[in-house]
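> sharing a sequence plus its predicted fold:
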Number of protein chains: 2
Amino acid sequence: MTQKNSKRGSEVKSETDCQPTRPAPRDRIVSTACDLFRQHGIRGIGVDAIAEAAETNKMTLYRHFGSKDDLICETLRFTSQKAAAFWEELEIAHPGNAMAQLHGWVKARAQCLTDEPYGCDLANAAVELKEQGHPAHVVIENFKTAQHQRLVVLCGQAGVGQSELLADTLSMLLEGARVSRLASGTDGPSAHFVRACEATIASFGNAR
Amino acid sequence: MTQKNSKRGSEVKSETDCQPTRPAPRDRIVSTACDLFRQHGIRGIGVDAIAEAAETNKMTLYRHFGSKDDLICETLRFTSQKAAAFWEELEIAHPGNAMAQLHGWVKARAQCLTDEPYGCDLANAAVELKEQGHPAHVVIENFKTAQHQRLVVLCGQAGVGQSELLADTLSMLLEGARVSRLASGTDGPSAHFVRACEATIASFGNAR
DNA sequence: CGCAATAGTTACCGACCGGTCACACCTATG
DNA sequence: CATAGGTGTGACCGGTCGGTAACTATTGCG
């Protein structure tokens, strides 16, 4: 609005190689939509506001995404992909040591529990999008299944008894901690997520 | 719409004492709003649709509730009160036997996990209502705190070690199971909610 | 250069949103 | 019978929603 013809505050031209050449409109829209969906909820923000925040316009948004639902799915896929990278970092941090990776998982999840107080984007979307048959649901379920499967494998490698039940339990603890932080606040049950996980892992380890 | 002047399909008059005299408009609105919020989400249904489904009109709705936000709070309080009654049934079912009540809690929660696939209304509202300062948040937090406190007391009476940590763990497991059922489907981690709870309770009981 | 693809702008559409108004209606009670 | 309070009706308000049309400006590339 205030800048009219110049693309940024800079000199309009000759930003050929120094600056990282700001992302293409499509990418700006996706990442901006991620943030705004997170802050205001999927139903709580309009495409117009998303386009403006992404420093573009609604027409461009609709040329890349046929509908708001398409954009929703794309943002969820985007978030999924970022989350998938986490598992490789875990393997790098504790190579070949599954039990250490499991404890690393707990620690990392506890970290994002405090760093990202808005909960899991995918889970929140599942809560918010009630219309069954919405294309986002398959994205959400695929993501959740994949995340859980990685945890199942990890628990199996850690050599504990009933590894699948442990993975189920940890999955529920994490999911519960994230939504519990929204509903009950910081001092609710989620405050003891780490202790709960560690106690659970220990009990499974001893059980065998 | 189709019935115009007659209040119901009946003979317009003389329902003085036989029929249970259908609830007053205010009560119809609250319970109808509960259902519709659950089905479509709080943001997904309009006051007009709620009034119509409650067989009344928007004006009457606004005469009882000053705003949609007021109605939201009232429905959440309504749900809270119904949920509070559950604890008394639990005491009646297993009088004086805290451990039996704890297992009864698990069983009952597992039951509503399958009976009510839409998750916890209060938790869902917390996810959906991002605007901080929304009056619903205190209703939600009060409810969650009260529910959790009852569980803490119960775990304490059951005589397990670290009863508060057990209550935190069970709270997170339940919350996680309910949202996990939405995000991951019936076959996700929530399928083993009972086993996870029982294993957890057992490990806490043995730990001491 | 010249062309084509992409991006930006403005205006517009019909639908629906939460909320209000004035007025007619019904029914219970005095 | 009369009055009053709760209820029903329909129109209306400004605003926003998701989505589209037509046109212009910019850009990258042969």
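Great, that's in hand.

> show me what the host helix or strand of A:Gly104 is packed against.
Element membership for A:Gly104, per DSSP states H and E: helix A:98-115. Under the contact definition 3 or more CB pairs under 8 Å, 6 or more residues apart in numbering or on different chains; DSSP states H and E, helix A:98-115 sits against helix A:68-93, helix A:136-157, helix A:163-184, helix A:193-207. For glycine as for every other residue, the C-beta is placed from the backbone atoms N, C-alpha and C.

> tell me the mean pLDDT over that helix?
Predicted confidence along helix A:98-115 averages 97 (mean pLDDT).

> that one versus helix A:163-184: what angle between them?
Following axes from the mean of the first three to the mean of the last three CA atoms, to 10 degrees, one obtains 10 degrees for the angle between helix A:98-115 and helix A:163-184.

> if you count neighbours, what's buried in helix A:98-115?
For helix A:98-115, a neighbour-count test (16 or more other CB atoms under 10 Å in any protein chain shown) marks A:Ala98, A:Met99, A:Gln101, A:Leu102, A:His103, A:Gly104, A:Trp105, A:Val106, A:Arg109, A:Ala110, A:Leu113 as buried.

> before we move on, what about stretch A:34-42?
A:Cys34, A:Leu36, A:Phe37, A:Arg38, A:Gly41, A:Ile42.

> can you redo these as a markdown table with pLDDT?
Below are the buried residues of stretch A:34-42 laid out as a markdown table (pLDDT from 0 to 100):
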| residue | pLDDT |
| --- | --- |
| A:Cys34 | 98 |
| A:Leu36 | 98 |
| A:Phe37 | 98 |
| A:Arg38 | 97 |
| A:Gly41 | 98 |
| A:Ile42 | 98 |
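
> farthest-separated two in those?
Across the buried residues of stretch A:34-42, the longest distance by CB to CB is 12.6 Å; it joins A:Cys34 and A:Gly41.

> so what secondary structure elements neighbour the lowest-mean-pLDDT helix or strand in chain A?
Lowest by mean pLDDT, DSSP states H and E among the helices and strands of chain A is helix A:193-207, with a mean of 89. Using 3+ CB pairs under 8 Å, 6+ apart as the contact test, the elements touching helix A:193-207 are helix A:98-115, helix A:163-184, helix B:163-184, helix B:193-207.

> residues making contact with the first one?
Pointing back at helix A:98-115 there. Outside helix A:98-115, the residues within contact range by CB atoms under 8 Å, 6 or more residues apart in numbering or on different chains are A:86, A:90-91, A:93-94, A:151, A:154-155, A:157-159, A:170, A:174, A:177-178, A:181, A:190, A:193-194, A:197-198, A:201.

> please verify my assumption that A:Ile29 contacts A:Ala53.
No: using CB atoms under 8 Å, A:Ile29 makes no contact with A:Ala53, being 9.1 Å away.

> next, give phi and psi for the residue of chain A found nearest DNA strand D.
Closest approach between chain A and DNA strand D, counting by CB to the nearest atom of the strand: A:Gly46, at 2.8 Å. Dihedral angles of A:Gly46 (phi, psi; degrees, to the nearest 10) stand at phi -100, psi 160.

> just give the number of residues close to it.
The local packing of A:Gly46 (other CB atoms under 10 Å in any protein chain shown) involves 13 other residues.

> what distance do you get for it to A:Phe37?
The gap separating A:Gly46 from A:Phe37 is 11 Å, by CB to CB, to the nearest Å.

> spit out the contact partners of the residue nearest to A:Ser184 when sequence neighbours are not counted.
Excluding its sequence neighbours, the residue lying closest to A:Ser184 (CB to CB, 6 or more residues apart in numbering or on different chains) is B:Lys144, at 4.2 Å. Neighbouring residues of B:Lys144 by CB under 8 Å, 6+ apart: A:Ser180, A:Ala183, A:Ser184, A:Gly188, B:Leu122, B:Ala123.

> show me the two of these that sit farthest apart.
Among the contacts of B:Lys144, A:Gly188 and B:Leu122 lie farthest apart (CB to CB), at 12.5 Å.

> so A:Gly66, which state does it fall into?
coil (DSSP: H, G, I helix; E, B strand; the rest coil).

> burial of it, as a residue count?
Count around A:Gly66 with other CB under 10 Å applied: 9.

> and it, backbone torsions?
Dihedral angles (degrees, to the nearest 10) for A:Gly66: phi -60, psi -20.

> how much space between A:His119 and A:Asp168?
Rather than His, residue A:119 is Gly. Counting by CB to CB - A:Gly119 and A:Asp168 are separated by 20 Å.

> tell me which of these two has more neighbours.
A:Asp168 (27 against 22).

> so the more buried one makes contact with B:Ala196?
Yes: assessed by CB under 8 Å, A:Asp168 is found in contact with B:Ala196 at 5.9 Å.

> tell me which parts of chain A are close to DNA strand D?
With CB under 7 Å from any atom of the strand as the criterion, chain A meets DNA strand D at residues A:5, A:7, A:45-49, A:58-59, A:62, A:66-69.

> so which of those residues is the most crowded?
Counting neighbours by other CB under 10 Å, A:Ile45 leads those with 20 neighbours.

> what pLDDT does that residue get?
Looking at A:Ile45, its pLDDT is 98.

> return only those of the residues of chain A next to DNA strand D found close to DNA strand C.
Within the set of the residues of chain A next to DNA strand D, contact with DNA strand C (CB under 7 Å from any atom of the strand) is found for A:Lys58, A:Met59.

> tell me the SS of A:Ile45?
Secondary structure assignment for A:Ile45 (three-state DSSP): coil.

> stretch A:166-182 and chain B, any residue contact?
Yes: using CB under 8 Å from any CB of the partner chain, we find that stretch A:166-182 touches chain B at A:167-169, A:171-177, A:179-180, A:182.

> any idea of the mean pLDDT in that stretch?
Stretch A:166-182 shows a mean pLDDT of 98.

> ok, now how distant is A:Trp105 from chain B?
Applying CB to the nearest CB, to the nearest Å, the value for A:Trp105 to chain B is 15 Å.

> cool, and A:Ile72?
Applying CB to the nearest CB, the value for A:Ile72 to chain B is 14 Å.

> how many neighbours does the closest residue to that residue other than its chain neighbours have?
In space, and not counting its chain neighbours, A:Ile72 is closest to A:Ala136: 5.3 Å by CB to CB, 6+ apart. Neighbour count of A:Ala136, defined by other CB under 10 Å: 22.
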